[in-house]
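>>> got a sequence here, can you model it:
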Amino acid sequence: MSNIERRKVKREPKYCLDNSVVGDSWRMFRIMAEFVDGFDAMSSINVPAVTVYGSARTGADDKNYILAEQIGAELAKNGYGVITGGGPGIMEAANKGAAEAGGVSVGLNIDLPHEQSPNPYANFELDFKYFFVRKVMFMKYSMGFICMPGGFGSLDELFEALTLIQTQRIKSFPIVLVGSEFWTGLVDWLQDKLLGNGNISSEDMFLFKVMDDVDEIIKYFNKTVII
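Here you go, the predicted model:
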């Protein structure tokens, strides 16, 4: 059975956490199994890895797709594995760049009713049912994050990482927001509203950097990634 056929068999209805045919107690075994499978698989990756986030809706002719592909390739050439959510758009671009450069290209795919179809460029692929299990894999096995322009999912991952670093639940690692044109409005809002109202500290604004140039991004990771 192919991966695509297997996913069709596994596909669950919307609101699967509310409508599961198994009870909460039995669901715990599925969750534990997904953690065990994820830990076993991801621990076999023998290179430092960087996760690239971004929109699944970005087309192959978009400048951000092309940029993500370049970033994936340069990360691979510099000895990093590339981890993405395994879907289309920016995820596909980063996986493609890494794979075609001969690097480790990881796709942590999740079954969704729309948008999330697996891209063909992940040479190390895992499937997940639960978002929170998948997010642990991103956090635990990444040496840094690169956030390309994206939607709610990308922002969710970004702010979870910032929260975990801010609260010292995980060690600080480099977080780069790629595309000043896209991110400047958010950064200004954080500065004005969150910092201005005392909801975050001034040092929290240094937990991430905004960059545009691929070479600058790679140099930053080479300088700051702790292996």
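>>> what sits opposite the most centrally placed residue in the chain in the beta ladder?
Central residue of the chain (C-alpha atoms, centre = their mean): residue 53, 4.2 Å from the mean position. Beta bridges link residue 53 to residue 147 when assigned by DSSP bridges.
>>> the closest residue in space to residue 57 that isn't next to it in sequence: what's it in contact with?
Nearest non-adjacent residue to residue 57, counting by C-beta to C-beta, 6 or more residues apart in numbering: residue 89, 5.6 Å away. Backbone N, C-alpha and C define where each C-beta goes, glycine included. Residue 89 makes contacts with 54-59, 65, as judged by C-beta atoms under 8 Å, 6 or more residues apart in numbering.
>>> what do you get if the cut-off is 6 Å, keeping everything else the same?
Taking C-beta atoms under 6 Å, 6 or more residues apart in numbering as the criterion, residue 89 is in contact with 55-58.
>>> and if you look at residue 81?
Contacts of residue 81 (C-beta under 6 Å, 6+ apart): 45, 47, 49, 104.
>>> return the member of the residues you listed nearest to residue 145.
The closest of those to residue 145 turns out to be residue 49 (C-beta to C-beta; 10.6 Å).
>>> separation between the closest one and residue 109?
From residue 49 across to residue 109, the span is 16 Å (C-beta to C-beta, to the nearest Å).
>>> which stretches of the protein have low pLDDT?
1-23, 113-116, 226-227 (pLDDT under 70).
>>> what's in contact with the lengthiest helix in it?
Criterion DSSP state H: the longest helix present in the chain is helix 24-42. Helix 24-42 has contacts (C-beta under 6 Å, 6+ apart) with 126, 133, 137, 141.
>>> ok, now with 8 Å
Applying C-beta under 8 Å, 6+ apart, the contact partners of helix 24-42 are 20, 22, 106, 124, 126, 128-130, 133-134, 136-137, 140-141.
>>> will you turn those residues into JSON lines that also has neighbour count and secondary structure?
Listed next are these as JSON lines, based on neighbours: other C-beta atoms under 10 Å; DSSP: H, G, I helix; E, B strand; the rest coil:
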{"residue": "20", "neighbour count": "15", "secondary structure": "coil"}
{"residue": "22", "neighbour count": "10", "secondary structure": "coil"}
{"residue": "106", "neighbour count": "28", "secondary structure": "strand"}
{"residue": "124", "neighbour count": "20", "secondary structure": "strand"}
{"residue": "126", "neighbour count": "18", "secondary structure": "strand"}
{"residue": "128", "neighbour count": "20", "secondary structure": "strand"}
{"residue": "129", "neighbour count": "18", "secondary structure": "coil"}
{"residue": "130", "neighbour count": "17", "secondary structure": "coil"}
{"residue": "133", "neighbour count": "20", "secondary structure": "helix"}
{"residue": "134", "neighbour count": "21", "secondary structure": "helix"}
{"residue": "136", "neighbour count": "17", "secondary structure": "helix"}
{"residue": "137", "neighbour count": "21", "secondary structure": "helix"}
{"residue": "140", "neighbour count": "12", "secondary structure": "helix"}
{"residue": "141", "neighbour count": "20", "secondary structure": "helix"}
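>>> all set now, cheers.
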